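**Student:** need coordinates for the following:
(one chain, ligands or ions: 1)
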Amino acid sequence: MIEVKNLVKRYGSNVAVDNLSFKVEKGQIYGFLGPNGAGKSTTMNIITGYIAASDGEVIINGHNIFEEPELAKKSIGYLPEIPPLYVDMTPYEYLKFAAELKKIDKKERDKMIDEVMKLTKITDVSNRLIRNLSKGYKQRVGLAQAILGYPEVIILDEPTVGLDPKQIIEIRDLIKSLSKKHTVILSSHILSEVSAVCDYVMIISKGKLVASDTPKNLSKLMAGSNALELTIRGDKKKLETILNGIDAIQEFEIHNSIEERAVDITMKIASQSDIREDIFYAMAEAKCPILAMKVSNMSLEDVFLELTGEDKEVKENQIELEKKSFEKMENEEEKEDERSL
Ligand SMILES: Nc1ncnc2c1ncn2[C@@H]1O[C@H](COP(=O)(O)OP(=O)(O)OP(=O)(O)O)[C@@H](O)[C@H]1O
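**Tutor:** This next block holds a predicted model:
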């Protein structure tokens, strides 16, 4: 349905989209997830024909968006991050205008406008000026415009940003109901949103696709293969030697245990390897009984932080800040000492 091939967008020396390729199939909700500045809006603006790419291809229903924009755009409804609303119009006037632009058959216009207003629950405000509507209602008007003409694909850029919790739930329910008839692609930097709404998640970081799978599989990808907690009965030195011999263990720590003649071990495992059986057999051979073994499950949030390197950056920033405030304290103490001399 949509095929993105080796898409690149450069702004001077800044590469906003870096060789991105993915496919979108019919009737599902796809989530485009990434931290601020990852390249989500840029990608969506290219797919919908708002901006040109530096390189690569976007094929929509067999039509290249750069070569046959009119035909390609016919199958797309787009709600940009900031909906381009005409605030001096009423929702009804705005949708009528949008219907003209979308070249919807005159005979069908009124019926269709009526339907999308009902679907997005804006019928009650259809004759108020858009400028006087709440943020949530403005978002619904934008959404109504995207749905108008019932395009096969609906693309929504951060559809719930700035909405209150009740509005967020309503918009999410609306998006879910849309997937019965449409393919939906939405972008978000909020994990809970993507896992609550989407069938499929594409994680993007610094313009690159770093993972794509169902929310469940993404969590599973790391679970059981990333961190293990064990309690083993045996001599600390002997256990150290055994664990050092297992390649997939990246690091481990041994602590005293409340269990008699046993130690607690936490270990980090190279991603995508499951070494539970290796550990079992190694310990059995060494006659060191495993009293407990627990997988530390990673949530989608952990996967996201791990893949996008956010966690590392946050920690590095924190360390930097702590260093600076420590240096400041030291300087102030030195000045205080000089003054007292
Ligand atoms: N018109 C532009 N000129 C120069 N740089 C741009 C332009 N638009 C986007 N960028 C840069 O491209 C990168 C990707 O931006 P983009 O808006 O696509 O990210 P995003 O994932 O949508 O982030 P956000 O969630 O903050 O909207 C950023 O580094 C941004 O500064």
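
**Student:** could you use CA atoms for every contact and neighbour count after this?
**Tutor:** Fine.

**Student:** what pairs with the closest residue to Asn64 other than its chain neighbours across the strands?
**Tutor:** Excluding the flanking residues, the one nearest Asn64 by CA to CA, 6 or more residues apart in numbering is Val58, at 5.7 Å. With DSSP bridges as the criterion, Val58 is bridged to Val4.

**Student:** and Val58, how many residues sit next to it?
**Tutor:** 26 (other CA atoms under 10 Å).

**Student:** same check, this time on the one 4 residues further on
**Tutor:** A count of nearby residues for Gly62, using other CA under 10 Å, gives 13.

**Student:** over to the one 4 residues further on?
**Tutor:** Residues near Phe66, counting by other CA under 10 Å, number 18.

**Student:** isn't it right up against Tyr50?
**Tutor:** No. Contact criterion CA atoms under 8 Å: Phe66 and Tyr50 do not qualify, at 10.3 Å.

**Student:** hmm, back to that, if I look at the residue nearest to Asn64, how far off is Val17?
**Tutor:** In this structure, Val58 and Val17 are 13 Å apart, going by CA to CA, to the nearest Å.

**Student:** any common contacting residues for these two?
**Tutor:** Shared contacts of Val58 and Val17, defined by CA atoms under 8 Å, 6 or more residues apart in numbering, comprise Leu7.

**Student:** got the residues of this structure near the ligand?
**Tutor:** By CA under 6 Å from any ligand atom, the part of the chain that sits against the ligand consists of 11, 16, 34, 36-42.

**Student:** now, these that are in strands?
**Tutor:** Those of those mapping onto strands are 11, 16, per DSSP state E.

**Student:** and the residues of the chain next to the ligand, which of them are buried?
**Tutor:** Burial by neighbour count, 16 or more other CA atoms under 10 Å: within the residues of the chain next to the ligand this picks out 16, 34, 38-42.

**Student:** and for the closest residue to the ligand within the stretch 151-300 of the chain, the neighbour number?
**Tutor:** As assessed by CA to the nearest ligand atom, the ligand sits closest to His189 within the stretch 151-300 of the chain, at 6.1 Å. Using other CA under 10 Å, His189 has 20 other residues around it.

**Student:** so it sits against Asn36, correct?
**Tutor:** Yes. With contacts counted by CA under 8 Å, His189 reaches Asn36, the gap being 6.8 Å.

**Student:** between those two, what contacts are shared?
**Tutor:** When CA under 8 Å, 6+ apart defines a contact, no residue borders His189 and Asn36 alike.

**Student:** any idea how many residues pack against Val295?
**Tutor:** 15.

**Student:** returning to that earlier point: ramachandran coordinates for the residue of the stretch 151-300 of the chain closest to the ligand?
**Tutor:** phi -110, psi 10 (degrees, to the nearest 10).
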